[in-house]
Every structure is written in structure tokens, then in C-alpha cells.
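# sequence? don't have it. structure:
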């Protein structure tokens, strides 16, 4: 019963539609009705601005972190990744927002923060470096997902301080989330291929006007 309770709480935490609530309460806008039609961090930045976007990013990360820490808080032996994964599913298919949510990236990062903080820092570094090269959040998300997943296989052998051992549940979830992230970005992939994908105003990939 405790495990079932934690899964439900994890899902409900993930289901908190940060972008939608902030948009409606402070800006009288639903970010899902503008831009890419997504309620995640990137579209919130685009539609509502830097302050709202940063707030949503932090909240979406925190959802994954809090959910992943639930087993420790409740003194449960269940692997915290399962509860973190429930939050990721809640973020992507939120019951509080008509099951139309984000693309799983920020809350997945929060799950890593709650599970392996050093691996989170390593993964965040990959994301930032990739974004500075591509200037596209969507492409960065997909490239980072692949590199981070590959790292779950390699780091225990070359940098055990960051990831001490082969963690097969982490590997399986990372592989599954990578596939899921690609599926969630399928429209972005089309725009990347035809050269119309949005870019952030910095980095090597920024188009000069």
C-alpha cells in the first residue's frame, strides 16, 4: 500500500502544470494556446518570458526531485527511480491539465537530481554544452538524452565518482526515456530537418540576421 501511495503521490506531483498555472494566474494566458502548444519550460520562455520560464523550469525539476526523495522520506525500500518515473509520467500526462503536458526533460532531470546529484551535475553540463553548440533546446534535449544514456554504461568504469556502479534500472529507464523524448519531439524533428525550428538567442547555432 505504501508503494502504491508513493506512486500516486509521485504522479500527482508531476501532474502539477507549472506553466499552465503560472500563465493563467499571472499572465492570463495558457501557454498551450501559443507557440508550440506545449506547457513545458521552452514554450513558457517563448510565450511568457524569462522570469516565468525560469520559474517553470525550477518547479518542473523540483517535482521530479521531490518524488524521487519520497521513498527516503517515508523510509521505504523501493527504488526511488520508480517514484521519480511516476512524476515524469505525471508531468507529461498531467491529470490537472487534460493530460496535455511537457516533454519529460526537466522532470527527468529532477529525478536524476534526487537519485544521483553528481550525475545530475554531469548531465546538466552535457545539456548546457550541447545548447551552446546547437542553440536549439529540442535538439539539445535529444542529443543530451542519448549522451546521458550512453554515460550510464560508461561512467562506472571511467569516472566512478560520478556514477559508482552499473545501475541496470537507471540504464533501462534512461533508454526508455530517451526513446520517449524522441517521440515527444517528433514535430520538432520535422522542423529541424526543414530548417524552421526555433533557436535561443545565444550559442554557436544562432542564425545571424
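Yes, it's here. The structure presented is a predicted model; accordingly, all values stated were derived computationally and were not measured.
# List the contacts of the helix or strand bottoming out on mean pLDDT in the chain.
Least confident helix or strand, the chain: helix 41-48 with a mean of 88, by mean pLDDT, DSSP states H and E. When contacts are defined by Cβ atoms under 8 Å, 6 or more residues apart in numbering, helix 41-48 is touched by residues 18-19, 22-23, 26-27, 29, 31-32, 34-37, 52-54, 56-57, 60, 102, 105-106, 137-138, 198. For every residue, glycine as well, the C-beta is placed using N, CA and C.
# Verify the stated contact: residue 206 with residue 136.
No. Between residue 206 and residue 136 there is no contact under Cβ atoms under 8 Å: 9.6 Å.
# So for these two, which residues contact both of them?
Common neighbours of residue 206 and residue 136, using Cβ under 8 Å, 6+ apart, are 199-200.
# that older thread, mind checking which of the contacts of helix 41-48 are buried?
Among the contacts of helix 41-48, the ones that count as buried by 16 or more other Cβ atoms under 10 Å are 18-19, 22-23, 29, 31-32, 36, 52-53, 56-57, 60, 102, 105-106, 137-138.
# Which of the three states applies to residue 164?
For residue 164, the assignment made with DSSP: H, G, I helix; E, B strand; the rest coil gives coil.
# for it, phi and psi?
Backbone torsions of residue 164, given as degrees, to the nearest 10, read phi -60, psi -30.
# Give me the neighbour count for it.
13 (other Cβ atoms under 10 Å).
# what's the spacing between it and residue 119?
Residue 164 sits 10 Å away from residue 119, going by Cβ to Cβ, to the nearest Å.
# Just after the least confident helix or strand of the chain, pick out the following helix or strand.
Next along the chain after helix 41-48, taking DSSP states H and E as the criterion, comes helix 50-73.
# If you count contacts, what does that following helix end up packed against?
For helix 50-73, the elements it packs on are helix 2-15, helix 18-26, helix 41-48, helix 80-92, helix 105-115, judged by 3 or more Cβ pairs under 8 Å, 6 or more residues apart in numbering; DSSP states H and E.
# Show me what counts as buried in that helix.
Within helix 50-73, the residues scored as buried using 16+ other Cβ under 10 Å are 52-53, 55-57, 59-71.
# Check stretch 175-189 too.
Using 16+ other Cβ under 10 Å as the burial criterion, the residues of stretch 175-189 that qualify are 175, 177-178, 180-181, 184-185, 188.
# swap in stretch 192-206?
192, 197, 200, 203, 205.
# Check the fourth one and give its pLDDT.
Which is residue 203. On the pLDDT scale, residue 203 is placed at 90.
# Relative to residue 92, how far out is residue 67?
According to Cβ to Cβ, residue 67 stands 13 Å off from residue 92.
# cool, residue 191 as well?
Counting by Cβ to Cβ, the gap from residue 191 to residue 92 is 20 Å.
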